[in-house]
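Student: dropping a prediction and its sequence here:
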Amino acid sequence: MKSFGKKLMTSIYLIILAVVVFLVLFYLDKFNIVRLRPVTLVEQIPYGQVIEIEAFEETEFYDSMNQFIRAEIIIRVRFAAHIEPVQRLPLEYRDELKKAYSNVDIHVKEIPSKEALEKMLEALADSKYLELVGDSEIQAFLYETKIDNRKVKRIEKIFLKPESYFFVKY
């Protein structure tokens, strides 16, 4: 059996060690000296960026009396991805030697009338580019993928209302 003195000294050493580890972790996190957790790379919504339209399709919904209820448009777009934080990206992406491109489906919901749908389809047929309004309500769904063995959350789908974007002509 151990003597009382040895047990007491072992307990004191363990308590001191636990306090030291706690203080070191607390101050490292508080003063942001070293990041213990890896930073998640996240693709940003391309506000203010001109986005190329690749394709679109529309879906109309009718009730049992064949009255128009609402419509949705799915616009397939392609744009150069902007991923944050930039300093955590691989060097060739940071220096723009390589670019990551995103193919995203934009779901335009709540199109109120048949006339509005026809005007939107006409504008889509005439335009090759669109731009998202910066202060609009946009819901984005992300998926996790890898860029040069680094985890990145990329945009998969964007849901928005008809007033959340406008078409750009060149």
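Tutor: Ah, there it is.
Student: lowest-confidence helix or strand of this protein?
Tutor: The weakest-scoring helix or strand in the chain, judged by mean pLDDT, DSSP states H and E, is helix 91-94 (a mean of 79).
Student: what sits up against it?
Tutor: 83, 86-87, 98-100, 147-148 (C-beta atoms under 8 Å, 6 or more residues apart in numbering). From N, CA and C alone the C-beta is placed, and that goes for glycine too.
Student: again, 10 Å this time
Tutor: Applying C-beta atoms under 10 Å, 6 or more residues apart in numbering, the contact partners of helix 91-94 are 41, 81, 83, 86-88, 97-100, 147-148, 150.
Student: dump those residues to JSON lines, plus neighbour count, distance to residue 21 and pLDDT.
Tutor: Listed next are the contacts of helix 91-94 as JSON lines, based on neighbours: other C-beta atoms under 10 Å; distance: C-beta to C-beta, whole Å; pLDDT from 0 to 100:
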{"residue": "41", "neighbour count": "20", "distance to residue 21": "30", "pLDDT": "86"}
{"residue": "81", "neighbour count": "17", "distance to residue 21": "40", "pLDDT": "88"}
{"residue": "83", "neighbour count": "20", "distance to residue 21": "34", "pLDDT": "86"}
{"residue": "86", "neighbour count": "10", "distance to residue 21": "33", "pLDDT": "82"}
{"residue": "87", "neighbour count": "7", "distance to residue 21": "29", "pLDDT": "80"}
{"residue": "88", "neighbour count": "15", "distance to residue 21": "27", "pLDDT": "79"}
{"residue": "97", "neighbour count": "9", "distance to residue 21": "42", "pLDDT": "77"}
{"residue": "98", "neighbour count": "13", "distance to residue 21": "41", "pLDDT": "81"}
{"residue": "99", "neighbour count": "9", "distance to residue 21": "43", "pLDDT": "83"}
{"residue": "100", "neighbour count": "16", "distance to residue 21": "39", "pLDDT": "84"}
{"residue": "147", "neighbour count": "17", "distance to residue 21": "35", "pLDDT": "81"}
{"residue": "148", "neighbour count": "12", "distance to residue 21": "34", "pLDDT": "78"}
{"residue": "150", "neighbour count": "16", "distance to residue 21": "29", "pLDDT": "80"}
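Student: dump those into CSV; add secondary structure as well.
Tutor: Converted to CSV, the contacts of helix 91-94 look like this (DSSP: H, G, I helix; E, B strand; the rest coil):
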residue, secondary structure
41, strand
81, coil
83, strand
86, helix
87, helix
88, helix
97, coil
98, coil
99, coil
100, coil
147, strand
148, coil
150, strand
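Student: if we take these, which one ends up nearest to residue 124?
Tutor: Of all the contacts of helix 91-94, residue 124 sits closest to residue 81, with 23.1 Å by C-beta to C-beta.
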